[in-house]
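Engineer: after the sequence you'll find the predicted model.
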Amino acid sequence: MVTKVLVSWIGANDIRSTTGEQVGPILSTLRNVPFDSVELLYSYPQEEVKAYLDWLRDQVSIPIHPSKVSLSSPVDFGQIYLAANEHLARITAQNIDLSVLLSPGTPAMQAVWILLGKTRYPCRFYQSSLEKGVEQATIPFDLSAEYIPAAQRLKSSKIHQLSSVTAPVDAAFDHIVTRNPRMQALKSQAQILAEREVPVLIYGETGTGKELFARAIHNASERSSKPFIAVNCGAIPLDLVDSVLFGHKKGAFTGAIANKPGVFQEADGGTLFLDEFGELDHSVQVRLLRVLQEGRFTPVGAHKEEIVDVRLITATHRNLMKSVAEGSFREDLFYRIAIGVLHLPPIRAREGDLLYLADRLLTELGKQDSTLSNKKLSPDAKNIILNHAWRGNVRELQSTLLRSALWCGTDNITAEDMHQAIFQMPEQGSDILSRDLSQGIDIQNIIGELTSNYIRRALELSGHNKTRAAELLGLKNYQTLSNWMEKYDIS
């Protein structure tokens with residue numbers, strides 16, 4: 001008899017699900033897809049995981065088999081590969097139907113699952129999210145043994161380094177590669193802002209280079225010798241925001257075993273970069289406003305105020321003016337941070353930059369490791385790059401070029417290599433009538449998703465001729481289209 005088994009890492013969202021705020025990816029998957037048992041790997045401390053496992057066993061009736069894995073780092077490809085490979089080898093020795101849940105864990109863990117599931121241990125992949133619920137994931141490429149040795153010539157630490165798209169510590173405006181007049185104007189504006197002590201707000205989609213601009217502004221300012229501290233506001237749990245931003249004193253709450261400075265203290269004299277600033281809860285915005293107005297705050301559990309001198313740079317992909325109008329973002333805070341404002345365009349809107357960027361990124365990969373030093377793009381591969389939407393912008397382009405360079409059998413990256421390396425995301429709005437309601441949906445976001453998708457497609461099809469695009473969309477005139485584009489923040 002074949003046993004249907006689900007394998008997954010235990011992630012932070014799973015552990016937090018015991019509080020009842022949301023259902024984590026693991027339980028959500030087990031509720032939506034029938035399995036006979038579940039195998040769970042974890043690297044968290046035993047005491048954190050025990051409460052979750054006890055809670056999970058109360059929610060489902062199938063056997064749960066947890067396995068503790070010792071990792072020095074949750075992004076060490078080598079250790080993750082060995083642990084996952086050993087575990088899959090053990091369980092697949094039995095007669096099982098294997099499925100892997102990709103959602104929990106770090107990107108390195110997800111990458112290893114895909115590598116193993118596409119080569120040694122054929123399986124189905126699932127993913128679970130609040131937005132789309134539980135769905136079977138289609139990985140639109142295959143791996144074969146001939147590709148693996150080329151990738152294995154690089155150590156896991158080197159692959160991790162090459163796949164990193166964080167801005168360099170010594171980032172300068174020369175690191176911002178462009179031939180596009182709009183981007184060149186933005187660089188000039190940013191250089192002027194660097195010389196002044198004003199807060200800067202940077203708008204842009206994911207992967208457009210917001211942190212690169214922020215670091216370049218800091219390094220060109222009079223604060224360049226002082227700290228630059230970067231924080232992703234969207235990744236901070238709500239109950240820890242005050243501690244992360246303002247620090248805490250020993251004993252301030254359970255788990256506060258020592259005094260800990262917040263990022264405002266760490267950035268004192270320098271620059272604090274708050275990425276995904278639009279994700280901060282309304283209650284946090286109130287406390288943040290006082291710090292920006294007075295330069296004073298009180299750490300959690302303290303009685304004495306601290307004074308800091310910090311230059312603030314914020315970044316977001318959200319339309320904060322729209323959020324202000326809707327009441328989800330404080331108007332007084334918006335005008336406090338939006339003194340110098342930079343709107344970074346997506347790379348699909350940077351005419352003349354796409355192939356230039358691709359060649360430069362491939363050259364940089366070759367400089368970092370000689371194994372990739374002679375890789376070149378064929379004309380057909382360049383055509384694929386030109387025709388792809390690149391919704392992940394520079395980050396997606398760089399990771400795709402790295403995959404294609406690792407997998408291609410020669411120094412010439414072909415169209416087939418690019419097809420295998422590109423992740424083909426489902427069209428926005430596809431299957432829009434059958435979204436999973438079990439975890440809640442945002443109907444306004446779905447409407448915006450559908451509208452934005454067709455506006456972008458009409459603009460691309462019409463060569464960005466607004467009059468023609470409006471006709472394709474059945475709108476009366478291009479001004480109506482312009483109003484829709486402004487509403488949905490489409491460049």
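Structural biologist: Nice, thanks for sending it over. Bear in mind that the values here come from a model prediction, so they are computed numbers and not experimental data.

Engineer: how distant is stretch 441-460 from the center of its chain?
Structural biologist: Relative to its chain's centre, stretch 441-460 lies at 21 Å (CA atoms, centre = their mean, to the nearest Å).

Engineer: can you check stretch 27-46 too?
Structural biologist: Computed by CA atoms, centre = their mean, the chain-centroid distance of stretch 27-46 equals 24 Å.

Engineer: report the rounded mean pLDDT for that stretch.
Structural biologist: Averaged across stretch 27-46, pLDDT comes to 92.

Engineer: next, the distance between the ends of it.
Structural biologist: 19 Å (CA to CA, to the nearest Å).

Engineer: give me the buried stretch members for it, please.
Structural biologist: 27-30, 33, 35, 38-44 (16 or more other CB atoms under 10 Å). Any C-beta I mention is one placed from the backbone N, CA and C, and that applies to glycine too.

Engineer: does Ile10 touch Gln46 like I think?
Structural biologist: No: counting by CB atoms under 8 Å, Gln46 is not a contact partner of Ile10; they are 11.7 Å apart.

Engineer: so which of the buried residues of stretch 27-46 are in helices?
Structural biologist: Here DSSP state H is the test, and the buried residues of stretch 27-46 give 27-30 as lying in helices.

Engineer: ok, so of the residues you listed, who is nearest Arg120?
Structural biologist: Distances from Arg120 to these, taken as CB to CB, are shortest for Thr29 (22.5 Å).

Engineer: what sits against the closest one?
Structural biologist: Neighbour list for Thr29: 6, 8, 101, 103, 126, 128, 134 [criterion: CB atoms under 8 Å, 6 or more residues apart in numbering].

Engineer: same thing with Phe334?
Structural biologist: Shown in contact with Phe334 (CB under 8 Å, 6+ apart): 320-321, 324.

Engineer: please repeat the previous calculation with a cut-off of 7 Å.
Structural biologist: Residues counted as contacts of Phe334 (CB atoms under 7 Å, 6 or more residues apart in numbering) are 320, 324.

Engineer: dump the contacts of Thr29 to TSV, plus neighbour count and pLDDT.
Structural biologist: Output for these, formatted as TSV (neighbours: other CB atoms under 10 Å; pLDDT from 0 to 100):
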residue	neighbour count	pLDDT
Leu6	24	94
Ser8	26	94
Leu101	29	93
Ser103	22	87
Tyr126	21	93
Ser128	28	89
Val134	20	89
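
Engineer: possible to save those as JSON lines with distance to Pro74 and secondary structure?
Structural biologist: As requested, the contacts of Thr29 are exported to JSON lines (distance: CB to CB, whole Å; DSSP: H, G, I helix; E, B strand; the rest coil):
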{"residue": "Leu6", "distance to Pro74": "21", "secondary structure": "strand"}
{"residue": "Ser8", "distance to Pro74": "14", "secondary structure": "strand"}
{"residue": "Leu101", "distance to Pro74": "16", "secondary structure": "strand"}
{"residue": "Ser103", "distance to Pro74": "15", "secondary structure": "coil"}
{"residue": "Tyr126", "distance to Pro74": "21", "secondary structure": "strand"}
{"residue": "Ser128", "distance to Pro74": "19", "secondary structure": "strand"}
{"residue": "Val134", "distance to Pro74": "24", "secondary structure": "strand"}
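
Engineer: in this protein, what helix or strand scores lowest on average pLDDT?
Structural biologist: Every helix and strand in the chain was compared by mean pLDDT, DSSP states H and E; the lowest is helix 148-152, with a mean of 41.
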